[in-house]
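K.L.:
Here is my input; please provide its structure:
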Amino acid sequence: MFFRKYLKEDFPQGIKQYEFRYKETGWNPFTVKVIKNDETSEIRYGGTQDNYQRVYHNHVMCAPHCEHCMYQSEPRYGDITIGDFWGGTKYIGDVDAKPGLSVVLINNKKGNDLFEQISKEKIKLKREVSLDCLGGNGYVLGNHNWASAKRNDFYDAIKSMSFQEAADYALKPNHGKRDSFQSDKVSVLYHSSKRLHFNFDSDFWDETTMFGYQTLMVRPGESKPGRYACLPLYDNLRRGKTYRLRFRFRVNTESDYLNLHIKDSGTDLYQLIYSYKVIRTDEWLLVDISFVPQSGIFDEFMIGASQLSGYGNYLCIDYIHIFEA
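P.N.:
Residues are numbered from 1 along each chain as shown. Below is the predicted model of the structure:
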């Protein structure tokens with residue numbers, strides 16, 4: 001039901017083919033290819049571009065019977081078990097795994113006899129490894145699937161909402177609702193030091209005032225990836241729509257670049273919209289660029305802690321304005 005609803009909303013013209021884990025760009029579980037009824041095709045990369053993957057990989061769509069699967073245990077019930085060999089290159093380092101690498105468990109004599117009947121010409125690589133190598137395939141060895149605590153929210157919302165609305169309801173803070181300071185119909189963010197403040201983890205970030213303006217700093221030794229300072233937008237950015245970013249600031253960092261992102265508040269999914277090559281100066285700097293969101297899930301402007309590094313690092317902000325171009 002979930003999949004049919006998603007297809008109807010995202011591809012109203014209908015499809016001829018839908019290919020999960022499309023491998024033209026390599027062994028990637030987060031790529032799908034869709035061939036539509038008009039013979040055009042579309043490739044979507046991960047949850048930033050595709051809501052079905054966004055929900056699936058956050059486990060908010062996990063069915064209860066999958067979460068408590070009676071067959072997901074040892075000993076295995078089948079004669080042969082086949083799966084992706086996650087982390088296999090750690091144990092088979094001389095193999096190009098980009099086209100894909102599978103693991104095969106032979107569970108009994110019947111399975112072994114069947115497997116040995118496969119001709120050598122049909123198997124590119126055949127190598128025996130220990131079960132200890134399957135740390136990346138925990139479900140194969142009996143560690144059961146887990147469901148997000150937000151699953152019930154998604155199951156309730158999907159009954160009356162669109163697929164994306166239900167995903168936002170389940171994944172985003174406060175079910176995706178936000179206060180609006182919108183002063184016109186085209187702005188999705190107008191930040192000044194006196195009006196809005198970034199959300200961040202105070203274990204890694206500090207906020208102070210410099211030159212009379214809001215200033216972000218990263219604590220010593222904490223300039224690492226995955227630590228974000230985020231500003232909420234007035235609304236989700238629309239996929240494919242052109243927006244303009246105007247950002248006036250001062251910066252002191254040992255990093256060569258200050259990367260600017262848009263982010264989904266409910267997950268760690270984000271999109272780089274501009275990489276600014278840092279100029280060592282005490283003057284105010286201005287970024288004025290256009291960008292196009294790859295998805296309709298983004299509802300935050302984000303700065304990464306890894307971009308502010310070194311002694312006395314800071315990002316002093318005059319204003320940040322994002323609006324429809």
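
K.L.:
Per-residue pLDDT of the spatially most central residue of the chain, please?
P.N.:
Centroid-nearest residue in the chain, with Cα atoms, centre = their mean: residue 269, separated by 3.1 Å. Turning to residue 269, the model gives it a pLDDT of 93.

K.L.:
Tell me if I'm right that it and residue 54 touch.
P.N.:
Yes: at 6.9 Å, residue 269 counts as touching residue 54 under the criterion of Cβ atoms under 8 Å. Bear in mind the C-beta positions are built from the backbone N, C-alpha and C, glycine included.

K.L.:
tell me, what's touching the two both at once?
P.N.:
46-48, 297 (Cβ atoms under 8 Å, 6 or more residues apart in numbering).

K.L.:
ok so, going back, got a list of what the residue nearest to the centre of the chain touches?
P.N.:
Residue 269 touches 46-48, 54, 263, 295, 297, counting by Cβ under 8 Å, 6+ apart.

K.L.:
circling back to that earlier point, looking at the shared contacts of residue 269 and residue 54, which are in helices?
P.N.:
46-48 (DSSP state H).

K.L.:
Next secondary structure after the lowest-mean-pLDDT helix or strand in the chain?
P.N.:
Here the helix or strand of the chain ranked lowest by mean pLDDT, DSSP states H and E is strand 187-192, holding a mean of 71. As assigned by DSSP states H and E, the chain's next helix or strand after strand 187-192 is strand 205-210.

K.L.:
helices or strands up against that next one?
P.N.:
When contacts are defined as 3 or more Cβ pairs under 8 Å, 6 or more residues apart in numbering; DSSP states H and E, strand 205-210 sits against strand 213-218.

K.L.:
Can you report how many residues neighbour the closest residue to residue 173 other than its chain neighbours?
P.N.:
Distances taken as Cβ to Cβ, 6 or more residues apart in numbering place residue 265 nearest to residue 173, at 5.6 Å, with adjacent residues excluded. Neighbour count for residue 265, taken as other Cβ atoms under 10 Å: 22.

K.L.:
Residue 265 contacts residue 302, correct?
P.N.:
No: the pair formed by residue 265 and residue 302 falls short of the contact definition of Cβ under 8 Å, at 9.6 Å.

K.L.:
just checking, residue 305 touches residue 230?
P.N.:
No: judged on Cβ under 8 Å, residue 305 makes no contact with residue 230 at a distance of 11.4 Å.

K.L.:
Tell me which of these two has more neighbours.
P.N.:
A direct count of neighbours by other Cβ under 10 Å for residue 305 and residue 230 places residue 305 higher, at 23 against 18.

K.L.:
Do you know the pLDDT at the closest residue to the more buried one other than its chain neighbours?
P.N.:
If the residues on either side of it in the chain are set aside, residue 305 comes closest to residue 227, at 3.7 Å by Cβ to Cβ, 6+ apart. You'll see residue 227 listed with a pLDDT of 94.

K.L.:
mind checking the backbone torsions on residue 227?
P.N.:
With angles defined as degrees, to the nearest 10, residue 227 sits at phi -120, psi 110.

K.L.:
Going along the chain, name the helices of the protein.
P.N.:
2-10, 46-49, 51-57, 64-67, 109-116, 151-157, 163-171.

K.L.:
could these go into JSON lines alongside mean neighbour count and mean pLDDT?
P.N.:
Below are those laid out as JSON lines (neighbours: other Cβ atoms under 10 Å; pLDDT from 0 to 100):
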{"stretch": "helix 2-10", "mean neighbour count": "14", "mean pLDDT": "95"}
{"stretch": "helix 46-49", "mean neighbour count": "22", "mean pLDDT": "89"}
{"stretch": "helix 51-57", "mean neighbour count": "22", "mean pLDDT": "92"}
{"stretch": "helix 64-67", "mean neighbour count": "11", "mean pLDDT": "80"}
{"stretch": "helix 109-116", "mean neighbour count": "12", "mean pLDDT": "95"}
{"stretch": "helix 151-157", "mean neighbour count": "17", "mean pLDDT": "92"}
{"stretch": "helix 163-171", "mean neighbour count": "24", "mean pLDDT": "93"}
